[in-house]
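Peer 1: Here is the input, now give the coordinates:
(2 chains)
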Number of protein chains: 2
Amino acid sequence: MSVRAEVHFIGVVMKTSEQQAEVQVFPEFFAGLKQITRFSHLIILYWMHLRDSKKERKTLLVFPKKHAVNIETGVFACRSPSRPNPIGMCVVELMKIEECVLTVKGLDALSASPIVDIKPYLPKADCVPNARVPEWTTYDPAI
Amino acid sequence: MSVRAEVHFIGVVMKTSEQQAEVQVFPEFFAGLKQITRFSHLIILYWMHLRDSKKERKTLLVFPKKHAVNIETGVFACRSPSRPNPIGMCVVELMKIEECVLTVKGLDALSASPIVDIKPYLPKADCVPNARVPEWTTYDPAI
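Peer 2: Modelled structure (predicted):
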């Protein structure tokens, strides 16, 4: 089995604010957006480019909320941007689409982050309201 | 901006059945699993290795349920395994973990699919019960 593969970026986060973000899909991938407005929510996979370094990709243990709690956690048990593959995932609301630019709400990505994939959000498969989480994930980060 | 990046596989789907699947995390990434049992559900990103070809990665339009409906859809508006980056995403239930092997329920991946990432499922961020979807996504695939 091969141990590596190549991702080809399909777009980029153009700008972000607290309220919403604009995601540009590169023109050569435009056809892939057909029917996307039929969905209210999307899953966006993006490349956390500032964490794409040897050091960050070797990080396996972090303190995800060290200001509030002090629990050492594996990167696969938290959403740390430092991880073997710096792929972020966000469920976003699709507000608007104009040509190749999607305006979305809820994207926790930095400007200039490359986009890896866009998928429609399907509650039947993607929604587990009662999933159990440890208590520290519910702490307000502002504490 | 670079247009490509490299993913490093962190594990592999060992076996699958209708009921459950076994995912092996490679030993060098074992530390990244710390605290994972505190979560009932995980998000698994896997590489759909049989679709990692030029042709499949150029596919932008598909007929996702062509036996039931006949609606041409962009790959970013469906879960087609043919897409520019053959990354599959599944929300799974964590049943058991023994050493580096996770037994999970709900993984729609083929045996031998490489694993790209594992993230904890956080209902606060990942669950949108009332997301709007088009009617064809709700058709039973057996129709």
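
Peer 1: From now on I want contacts and neighbour counts done on CA atoms only, so please keep to that.
Peer 2: Noted.

Peer 1: Which parts of chain A are strands?
Peer 2: For chain A, strands defined by DSSP state E occupy the ranges A:4-8, A:11-16, A:21-25, A:41-47, A:61-62, A:73-74, A:87-98, A:101-105, A:114-120.

Peer 1: could you dump the last one to PDB, C-alpha only?
Peer 2: Extracted C-alpha coordinates of strand A:114-120, given in PDB (Å, rounded to 0.1, in the frame of the first residue of the first chain):
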ATOM      1  CA  PRO A 114      -6.900  26.200   0.200                       C
ATOM      2  CA  ILE A 115     -10.100  24.100  -0.200                       C
ATOM      3  CA  VAL A 116      -9.800  20.400  -0.600                       C
ATOM      4  CA  ASP A 117     -13.400  19.300  -1.000                       C
ATOM      5  CA  ILE A 118     -17.000  20.400  -0.600                       C
ATOM      6  CA  LYS A 119     -19.700  17.900   0.200                       C
ATOM      7  CA  PRO A 120     -23.500  18.300   0.800                       C
END
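
Peer 1: Need the nearest residue in space to A:I115, chain neighbours excluded.
Peer 2: Nearest residue to A:I115, sequence neighbours excluded (Cα to Cα, 6 or more residues apart in numbering or on different chains): A:Y46, at 4.3 Å.

Peer 1: Would you reformat the strands of chain A as TSV and include distance to B:T137?
Peer 2: Shown next, in TSV, are the strands of chain A (distance: least, Cα to Cα, whole Å):
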stretch	distance to B:T137
strand A:4-8	27
strand A:11-16	25
strand A:21-25	24
strand A:41-47	14
strand A:61-62	38
strand A:73-74	35
strand A:87-98	18
strand A:101-105	22
strand A:114-120	10
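
Peer 1: any chance of these in JSON lines, with mean pLDDT too?
Peer 2: Formatted as JSON lines, the strands of chain A follow (pLDDT from 0 to 100):
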{"stretch": "strand A:4-8", "mean pLDDT": "98"}
{"stretch": "strand A:11-16", "mean pLDDT": "96"}
{"stretch": "strand A:21-25", "mean pLDDT": "98"}
{"stretch": "strand A:41-47", "mean pLDDT": "98"}
{"stretch": "strand A:61-62", "mean pLDDT": "96"}
{"stretch": "strand A:73-74", "mean pLDDT": "96"}
{"stretch": "strand A:87-98", "mean pLDDT": "98"}
{"stretch": "strand A:101-105", "mean pLDDT": "98"}
{"stretch": "strand A:114-120", "mean pLDDT": "98"}
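
Peer 1: Among those, which comes closest to A:T138?
Peer 2: Across those, A:T138 has its closest neighbour in strand A:73-74 (15.0 Å, Cα to Cα).

Peer 1: Return the distance of that closest one from the chain's centre.
Peer 2: How far strand A:73-74 lies from its chain's middle: 19 Å, per Cα atoms, centre = their mean, to the nearest Å.

Peer 1: Pull up the pairing partners for it, direction included.
Peer 2: Strand A:73-74 sits in its sheet next to strand A:61-62 (antiparallel), going by DSSP bridges.

Peer 1: contacting residues around the most centrally placed residue in chain A?
Peer 2: The residue lying closest to the centre of chain A (Cα atoms, centre = their mean) is A:M89, at 2.5 Å. A:M89 makes contact with A:I43, A:I44, A:L45, A:Y46, according to Cα atoms under 8 Å, 6 or more residues apart in numbering or on different chains.

Peer 1: tell me which of those is nearest to A:Q19?
Peer 2: Out of the contacts of A:M89, the member with the shortest distance to A:Q19 (by Cα to Cα) is A:I44, at 16.5 Å.

Peer 1: Check the gap between the closest one and B:G11 for me.
Peer 2: Computed with Cα to Cα, to the nearest Å, the distance linking A:I44 and B:G11 is 22 Å.

Peer 1: A:L102 too?
Peer 2: A:L102 sits at a distance of 33 Å from B:G11 (criterion: Cα to Cα).

Peer 1: neighbour count winner among those two?
Peer 2: The residue with more neighbours, out of A:L102 and B:G11, is B:G11; 25 against 20, by other Cα atoms under 10 Å in any protein chain shown.

Peer 1: wait, doesn't the more buried one sit right on B:F26?
Peer 2: Yes: proximity of B:G11 to B:F26 meets the contact threshold set by Cα atoms under 8 Å, at 5.0 Å.
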